[in-house]
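[1] build me a structure from this.
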Amino acid sequence: MKRTVTDYVCVLKEFLPKGAEVLELQQPVKCPAVLLSDLDGDGRMELVGGYKDHGENYVVILKRYYHTWYQVAHTKGSGYNMTDLTAAPIIDSTINTLMIGWQAAGIWSKLDLLHWTPEGFRHVAPYKQLYSKLEVEEMKEGAERDGKYEIALWQHDTGNAYQIDVFRWSENELVEAKDVYPYYFKKAANYYTSLLQEMDSPVYWYYLAYAQMKAGMLEQALTSIHKALSSQTPYPSKERLLEMKRQLQAEHNTVVDVKRGDVTGDGTIDTVYLTADKTPDSPFWQNITLVIRNGRTNQYEKIFLKENAGYNPTIFLGDFTGNKMNDILIVINTGGSEGLIYAYVFSFMNGVFQQIFDSEVFNKQDQYDVTYKNHYKANVTSLNQKKKYAIDLTFKGDDYLVEIYNGDGTLKEPIRGWVSPLSGLYPVDFERDGIYELNAYQNIAGRYNADWLCYVENVLKWNGREFISARQNVAIFGQDFDAHKSF
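    Next up is the predicted model:
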């Protein structure tokens with residue numbers, strides 16, 4: 001028979017002192033301060049309850065063994081009531097941490113974190129963080145998700161305006177989780193946009209601009225700042241707003257490439273930018289960042305690239321996955337002597353942009369063996385594709401060959417070459433079906449980087465989960481000849 005909240009309250013009361021009262025949470029709806037959650041990672045639920053006894057607040061944790069409940073922890077709280085009682089994997093992705101809000105003043109609570117350890121439950125962040133509202137969720141997206149949740153604390157300012165900070169647990173303390181600002185502060189921006197539809201307030205314009213800045217929505221933030229400045233009573237001050245404007249203008253980097261197309265699948269044309277900082281007197285770009293303006297909502301999303309410095313960064317929009325919308329291909333020249341590139345593909349999947357190709361991952365996955373052989377040959381073995389190629393080295397010329405071969409065609413010493421990382425990645429619709437493949441080129445080098453022998457060419461095709469090599473070949477260099485002489 002399924003137990004109700006009332007049933008668990010009755011269980012809890014059996015462990016309370018005479019005259020003690022179960023605390024009552026006020027939000028989102030009034031209910032007893034009881035919670036069921038697995039707090040020690042054993043797959044079984046603990047029962048948590050808050051109660052008041054002789055004017056003091058307490059928390060008790062019960063565990064059930066063989067149909068009988070036992071007390072496993074008991075701790076004293078603070079304040080005069082409990083505002084929040086929840087649990088989520090904050091510290092460890094496999095164990096829920098208990099989060100308690102102890103009411104310190106009318107709209108202010110102190111955050112208390114209780115976490116299970118082999119020595120029992122312990123306070124890991126007692127009463128340090130003041131807040132008015134609490135939100136907890138996993139804010140990392142796509143491949144970055146690690147199963148651990150972040151905490152958003154809303155601190156009341158005036159009216160319905162709040163100062164918002166986002167934290168995660170790291171190295172035994174709560175620290176700012178700046179990498180998830182773009183995700184969470186978009187939600188905050190939507191909150192203030194809704195408030196402004198009800199009341200035009202300089203307070204809400206300021207907090208909207210603040211949220212947009214944190215979310216990377218730079219142009220919208222500038223517009224919101226101008227709205228706040230146009231008020232007869234700018235909030236919090238004209239000087240603060242002008243400082244935010246100067247900061248935004250400094251961060252609004254140069255646009256180095258821009259393409260337009262539907263990258264979200266909603267039928268509207270989006271704008272895709274690459275922004276960067278230019279090195280003075282040099283074509284070298286730093287802090288290269290992908291920025292996407294949603295054509296329907298006019299909101300901006302900023303995606304930071306793993307390798308974000310180089311030459312000639314470019315964008316190509318095309319459908320690589322067959323989902324009838326444009327994906328985003330970014331290619332950046334590294335500028336080294338090997339002529340290498342950084343390359344990434346992003347696709348809008350399940351409502352978020354996900355990275356589906358990374359040149360560094362591709363380079364690590366593809367394994368080759370390049371070995372010089374007697375009689376002016378070299379063998380290239382593709383270990384992943386289980387293919388072997390033979391290269392005729394006579395095109396390198398006599399001066400090259402006499403350095404490494406004896407007169408009878410035998411090697412003077414063993415020589416091993418290598419296949420370099422990606423040097424080219426080109427979108428090609430080989431099948432003319434509207435879905436692009438990636439044509440990947442890698443140099444095959446002999447004794448040193450500039451000793452090019454030929455290229456490995458892989459045609460990469462999306463299989464629904466990843467790009468795989470659908471076709472591989474080795475391309476050799478042609479040999480010059482005199483057209484007036486017999487070949």
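[2] quick one: contacts for Gln27?
    For Gln27, the contacting residues are Thr83, taking Cβ atoms under 8 Å, 6 or more residues apart in numbering as the criterion. All C-beta spots, glycine's among them, are computed from the backbone N, C-alpha and C.
[3] quick one: it from Asn439, how far?
    Noted for Gln27: a distance of 56 Å to Asn439, by Cβ to Cβ, to the nearest Å.
[4] repeat for Ile164
    From Ile164 over to Asn439 the distance is 46 Å, taken as Cβ to Cβ.
[5] those two: who's more crowded?
    Neighbours were tallied for Ile164 and for Asn439 using other Cβ atoms under 10 Å; the higher tally belongs to Ile164 (22 against 16).
[6] wait, isn't the more buried one in contact with Phe185?
    Yes: contact between Ile164 and Phe185 holds when scored by Cβ atoms under 8 Å: they sit 7.4 Å apart.
[7] tell me which helix or strand the closest residue to Gly446 other than its chain neighbours sits in.
    Among residues not flanking Gly446 along the chain, Gly417 sits closest, at 4.5 Å (Cβ to Cβ, 6 or more residues apart in numbering). Element membership for Gly417 (DSSP states H and E) is strand 416-428.
[8] what lies in contact with that strand?
    Taking Cβ under 8 Å, 6+ apart as the criterion, the residues outside strand 416-428 that touch it are 316, 318, 320, 329, 331, 338-341, 343, 359, 362-363, 366, 368-372, 378, 380, 436-447, 449, 451, 453, 455-456, 459.
[9] try stretch 390-404
    Counting by Cβ under 8 Å, 6+ apart, the neighbours of stretch 390-404 from elsewhere in the structure are 372, 376-380, 411-413, 415, 444, 447, 453-454, 474, 476-479.
[10] again with stretch 213-222
    Contacts of stretch 213-222 from elsewhere in the structure, counted by Cβ under 8 Å, 6+ apart, are 181-182, 185-186, 188-189, 209, 212, 244-245, 247-249, 251-252, 291, 293, 298-302.
[11] equivalent analysis for stretch 370-381, please.
    Stretch 370-381 is contacted from outside by 368-369, 387-394, 401, 404-405, 409-411, 414-419, 444-446, 453-454, 456, 474, using Cβ under 8 Å, 6+ apart.
[12] among those, name the buried ones.
    For the contacts of stretch 370-381, burial is judged from neighbour counts taken by 16 or more other Cβ atoms under 10 Å, and it is met by 368, 389, 391, 393, 404-405, 411, 417, 419, 444-446, 453-454, 456, 474.
[13] mind checking which of those are in helices?
    Those of the buried ones among the contacts of stretch 370-381 mapping onto helices are Ile404, per DSSP state H.
[14] now, the most widely separated pair of the buried ones among the contacts of stretch 370-381?
    Pairwise distances among the buried ones among the contacts of stretch 370-381 were taken by Cβ to Cβ; the largest, 24.0 Å, belongs to Tyr405 and Val456.
[15] quote the end-to-end distance of stretch 229-242.
    Taking Cα to Cα, to the nearest Å as the measure, stretch 229-242 stretches 8 Å from start to finish.
[16] report the distance from that stretch to the chain centre.
    For stretch 229-242, the gap between its own C-alpha mean and the chain's C-alpha mean amounts to 34 Å (Cα atoms, centre = their mean, to the nearest Å).
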